[in-house]
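# predicted structure and sequence below. I'll ask about it afterward.
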Amino acid sequence: MILISGGGTGGHFFPALAIYEELELLGKEAIFIGSSSGIESRYAHKFKNPIFLELSQFSGKGLSSKLRSSLQVIKASLKLKEQLLKAKRAISFGGYASSALSLGAIHRGVELYIHEQNSVPGFANSVFSKRAKIVFTTFESSKKYFPDAIRVGIPVRKSLIDRLSLDKKDARSAFNIKKESPCLLVMGGSQGSEFLNNLALEVFKLTRWYGIHVSGKRQREELEILYKNLGLNVIVMDFSEDMGLLYRACDVALSRAGAGSIWELSLFGLPAVFVPYPFAYKDHQYLNALEISQIGGGLVISQEKADAQRVAKMLSEILSSAEEFSARIRSFSNPIASKTICEYLIS
């Protein structure tokens, strides 16, 4: 049996889900473990017998909150005794939701594997990686923290991989996008981004391009009304279960720089202008985006400098050399990351 944990945010959860799905396809028994307060609790139906524990965020909190979070991790890890006694291996994808499994695996002598999505490791992975058998990474720059790590990239769900073969014309027709017009995809991460939403509105006013705007829940209705009143051809959605369809339909993206977003864009060869979230842990979003800009797969601009005119000019620069940018960002990807990781887990 293999235990899998990761969550709190989509960036930590969806790679864990991808590994669970791959192990199921291989006929291997796996149990997913997450937090009852994280994004993963909304996806309980994806698992056979998931375990959701009372866990809360540790990083960035005050002393009393950190103490409470630490006690939660210890208590939750003890609740996993039965599963850990039966487990052969465990894999953690970081975030506070994975801490209980990592601690429990180390305590019970279960082989622990760690996957770090970002260029800079989060707190949980930094702590537990010292006792891990193997650390898997996404970015080359992570090697400074994990010298013996294996770079495999981020596991993605089979439903997303299946969309790689979708014809672009069919994807565009699903959104009624005319052939002659560029289509801009806007996405601010699993929680949405008020700054990026407002910036995108101004960019669309300038360019009049077609667009698909993944806004998050809070501003979706407001943006829909604004785009309609302005006569702009922009589809707004708070979230999409079929991101592959969106990636195939669009020509360029305006995005935050979370590891999951970057990885999925790279799989589909969709170059982007990245506006990193400026308050990310150790500025990891900027470092994520920097690695892509260095290989020529996209452009990066800080939030403080990101006005509509500058960003529209950068997006136009990408569109003017679209094939080159697309090839370079695609070179970062690895569509068989899930299979590679599972080979280690079941060997």
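It's in. These numbers come from a predicted model, not from an experiment.

# rest of the way, CA atoms for contacts and neighbours
Fine.

# what mean pLDDT does stretch 302-311 get?
The average pLDDT within stretch 302-311 is 97.

# what kind of secondary structure is Gly211 in?
strand (DSSP: H, G, I helix; E, B strand; the rest coil).

# where's it relative to Ile134, distance?
As defined by C-alpha to C-alpha, to the nearest Å, Gly211 lies at a distance of 41 Å from Ile134.

# which one of the two is surrounded by more residues?
Gly211 (27 against 19; other C-alpha atoms under 10 Å).

# which residues sit against the least confident helix or strand in the chain by mean pLDDT?
Here the helix or strand of the chain ranked lowest by mean pLDDT, DSSP states H and E is helix 63-79, holding a mean of 84. Applying C-alpha atoms under 8 Å, 6 or more residues apart in numbering, the external contacts of helix 63-79 come out as 53-59, 99-101, 103-104.

# from those residues, keep the buried residues only.
53-58, 99-101, 103-104 (16 or more other C-alpha atoms under 10 Å).

# sitting in strands, which of these do you find?
Judged by DSSP state E, strands contain the following of the buried ones among the contacts of helix 63-79: Leu53.

# Throw the buried ones among the contacts of helix 63-79 into TSV and include pLDDT, thanks.
Output for the buried ones among the contacts of helix 63-79, formatted as TSV (pLDDT from 0 to 100):
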residue	pLDDT
Leu53	94
Glu54	90
Leu55	86
Ser56	75
Gln57	72
Phe58	65
Ser99	93
Ala100	95
Leu101	97
Leu103	96
Gly104	96
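
# and which of the buried ones among the contacts of helix 63-79 is nearest to Gly216?
Gln57 (21.2 Å; C-alpha to C-alpha).

# can I assume the closest one is in contact with Ser99?
No: here Gln57 does not reach Ser99: they are 10.1 Å apart, not a contact under C-alpha atoms under 8 Å.

# pull up the overlap in contacts between those two.
Joint contacts of Gln57 and Ser99 (C-alpha under 8 Å, 6+ apart) do not exist.

# pLDDT weak spots in the stretch 51-200 of the chain?
58-62, 64, 66, 189-192 (pLDDT under 70).

# where do the strands sit along it?
Ranges of strands within the stretch 51-200 of the chain are 51-53, 89-92, 111-116, 134-137, 150-151, 183-187, based on DSSP state E, counting those that start in this stretch.

# of all these, which one is nearest Met1?
strand 89-92 (7.1 Å).

# direction included, what does the closest one pair against?
Strand pairing for strand 89-92, using DSSP bridges, gives strand 2-5 (parallel), strand 111-116 (parallel).

# residues contacting the first one, please?
I take that to be strand 2-5. Contacts to strand 2-5, defined as C-alpha under 8 Å, 6+ apart, come from residues 13, 16, 20, 28-34, 83-84, 87-94, 97-98, 101, 345.

# kindly recompute the last result at 7 Å.
With C-alpha atoms under 7 Å, 6 or more residues apart in numbering as the test, strand 2-5 has contacts from 16, 29-34, 87-93, 97-98, 101.

# right, and Ser129 touches Leu112 too?
No: under the criterion of C-alpha atoms under 7 Å, Ser129 makes no contact with Leu112, lying 8.6 Å away.

# which of these two has more neighbours?
A count of neighbours by other C-alpha under 10 Å puts Leu112 above the other of Ser129 and Leu112, at 25 against 21.

# which residues does the residue nearest the centre of the chain contact?
The residue lying closest to the centre of the chain (C-alpha atoms, centre = their mean) is Gly260, at 2.2 Å. When contacts are counted by C-alpha under 7 Å, 6+ apart, Gly260 touches Gly11.

# okay, now the domains of the protein?
Following automatic domain parsing, one finds the domains of the chain at 2-155, 160-330.

# the helices in the stretch 51-200 of the chain, which residues?
Assigned by DSSP state H, counting those that start in this stretch, the helices in the stretch 51-200 of the chain fall at 63-79, 81-86, 99-108, 123-128, 158-162, 168-174, 194-207.
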